[in-house]
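Q: need a 3D model of the sequence below.
(one chain, ligands or ions: 1)
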Amino acid sequence: MSNLGEVQHRFEWDAANFAGIYDDESSIVWRTFNRVFRKAIFVRYDVAMRESTPPDGKSFLDIGCGSGVYSNELARRGAQRVLGIDFSEPMLEIARASAAKLGVAAKTNFVSDEFLKHDFGEERFDISIAMGVFDYLEDPQPFLTKMASLTRGKVLASFPRYSLLRGTARRLRYRLTGRGDVFYYSSDKVSQLARAAGLKKHHLVPIESSGAGVVLVGDNS
Ligand SMILES: C[S@@+](CC[C@H](N)C(=O)[O-])C[C@H]1O[C@@H](n2cnc3c(N)ncnc32)[C@H](O)[C@@H]1O
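A: Modelled structure (predicted):
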């Protein structure tokens, strides 16, 4: 199976588990575990929400939207339209159910497809987001270049950095459990990708958690 095939398969069978990381109603032990050992997930969420402020009246593209945590929250905060795309249908089912529960189903649309294969037609977005996605991309350049070409304003994407302890452990765990490979990026590499994608401006926001990496804040405006 290709790496992308393994990643897709992983997020199909693991959808409920991944969605559970954000679940505020889970047990205190699980919540504490996630806040400590998966801190980067919450830090990058805060960065993306801050960089998307104010979302009022804007259109968003949420690539690898997973369980729709970003999409639905942005819609709840006033975004005009949010298109979430993911190749894991079980993730999208959770995203749609959560949109209905939050009363934002009319403003959100969740599409099942692989991002590079999807035809967006003429539609362009004010802000595009890809959080926790570049971790799984063997060839990140076409992905970021397509993101940039679909975006009028900001491009927000997280990139994990290699750390000897966490990086090696994660890579080993993923390989041994058939979850595909993980890819790491230096800050220089992210800047190089951003320039080659044609982004007019960019800066990197460090994710303050051990070995976690950066959020690229690109701007096309
Ligand atoms: C780690 S999850 C992150 C979900 C969400 N962005 C978040 O941070 O809560 C990564 C998601 O990206 C999706 N994904 C990865 N590569 C993709 C691709 N090439 N096309 C569409 N979805 C992809 C996976 O199915 C998975 O749901």
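Q: send the alpha carbons of stretch 179-187 over as PDB?
A: C-alpha atoms of stretch 179-187 as PDB (Å, rounded to 0.1, in the frame of the first residue of the first chain):
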ATOM      1  CA  ARG A 179      -0.100   3.900   9.900                       C
ATOM      2  CA  GLY A 180       2.300   5.100   7.200                       C
ATOM      3  CA  ASP A 181       5.400   7.200   7.400                       C
ATOM      4  CA  VAL A 182       5.800  10.600   9.100                       C
ATOM      5  CA  PHE A 183       7.700  13.500   7.500                       C
ATOM      6  CA  TYR A 184       9.600  16.300   9.400                       C
ATOM      7  CA  TYR A 185      10.600  19.800   8.400                       C
ATOM      8  CA  SER A 186      13.200  22.300   9.400                       C
ATOM      9  CA  SER A 187      12.200  26.000   9.400                       C
END
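Q: now the residue nearest to residue 159 when sequence neighbours are not counted: which helix or strand?
A: Of all residues not flanking residue 159 in the chain, residue 185 sits nearest, at 4.2 Å (Cβ to Cβ, 6 or more residues apart in numbering). Where you see a C-beta, it was placed from the backbone N, CA and C, and this is true even at glycine. If you go by DSSP states H and E, residue 185 is not part of any helix or strand.
Q: swap in the one 10 residues further on?
A: Secondary structure assigned from DSSP H and E places residue 195 in helix 187-196.
Q: can you name every helix or strand that the lowest-mean-pLDDT helix or strand in the chain contacts?
A: One helix or strand of the chain scores below all others by mean pLDDT, DSSP states H and E: helix 28-37, with a mean of 72. On a contact count with 3 or more Cβ pairs under 8 Å, 6 or more residues apart in numbering; DSSP states H and E, helix 28-37 meets helix 39-51.
Q: give me the buried positions along the helix holding residue 195.
A: By 16 or more other Cβ atoms under 10 Å, the buried positions in helix 187-196 come out as 190, 191, 193, 194.
Q: could you list the low-pLDDT ranges of this protein?
A: 34, 36, 210-211 (pLDDT under 70).
Q: thinking again about what came up before, contacts for the helix holding residue 195, please.
A: Contacts to helix 187-196, defined as Cβ atoms under 8 Å, 6 or more residues apart in numbering, come from residues 140, 141, 144, 145, 159, 161, 185, 202, 204, 214, 216, 218.
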